[in-house]
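Chemist: Have a look; sequence and predicted model below, questions after that.
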Amino acid sequence: MAGHIRKRKRRRADGTTYTRWLARVPNPSRGGARSAKVQRNFATKREAERWLTSQQSKMNRGEWVDPALGALTFKAVAEQWEATWLLDGLAPKTRVGYASILKRHLLPSLARRRSRRSQPTRSRTTSRGPQST
């Protein structure tokens, strides 16, 4: 199992000590390099274990999002994607169609949403408009 938990003793300004638990997992989007870690501190070991397990489950299911990249807005991600259209060799009509979809359907409702909070199902239902049941 990738990742680990480490017990850390800390000292307060008044001299008393307390324990924190540091959970770390390799960052798969950066190749899992030694320095590329995602980490969080927890008050209890159980919380750290739960977080570590959830991160590894997300990685295994392919749902994991790099926290550093997740801070981008949907608009910023869309602009980065749009910049690759020429490099990908998309036909002019396809580029116009994609730009229209972004401008008319996706950006009005998702432009300021952080990408770490965006989910594929939310994007699909937003692009289709309100569903009547």
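Modeler: Great, that's in hand.

Chemist: list the buried ones in the biggest strand by length in the chain?
Modeler: Among the elements of type strand in the chain, defined by DSSP state E, the one spanning the most residues is strand 17-26. Of the residues in strand 17-26, Trp21, Ala23, Arg24, Val25, Pro26 count as buried by neighbour count, 16 or more other Cβ atoms under 10 Å. For every residue, glycine as well, the C-beta is placed using N, CA and C.

Chemist: Kindly report the same for stretch 71-91.
Modeler: Applying a neighbour-count criterion of 16+ other Cβ under 10 Å, one finds Phe74, Lys75, Val77, Ala78 buried in stretch 71-91.

Chemist: Give me the mean pLDDT for it.
Modeler: Regarding stretch 71-91, the rounded mean pLDDT is 84.

Chemist: what are the C-alpha coordinates of that stretch, in CSV please?
Modeler: Listed in CSV are the C-alpha atoms of stretch 71-91, where the atom choice follows Å, rounded to 0.1, in the frame of the first residue of the first chain:
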residue,chain,number,x,y,z
ALA,A,71,-7.6,25.0,-7.4
LEU,A,72,-8.0,26.1,-11.1
THR,A,73,-11.4,27.4,-12.2
PHE,A,74,-13.4,25.6,-14.9
LYS,A,75,-12.8,28.7,-17.1
ALA,A,76,-9.0,28.4,-16.7
VAL,A,77,-9.1,24.7,-17.5
ALA,A,78,-11.3,25.4,-20.6
GLU,A,79,-8.9,28.1,-21.8
GLN,A,80,-5.9,25.7,-21.4
TRP,A,81,-7.8,23.0,-23.4
GLU,A,82,-8.8,25.5,-26.1
ALA,A,83,-5.1,26.4,-26.5
THR,A,84,-4.4,22.8,-27.5
TRP,A,85,-7.0,22.6,-30.3
LEU,A,86,-4.5,23.8,-33.0
LEU,A,87,-1.8,21.4,-31.7
ASP,A,88,-4.3,18.5,-31.7
GLY,A,89,-5.1,19.2,-35.4
LEU,A,90,-8.8,19.8,-34.9
ALA,A,91,-10.7,20.9,-38.0
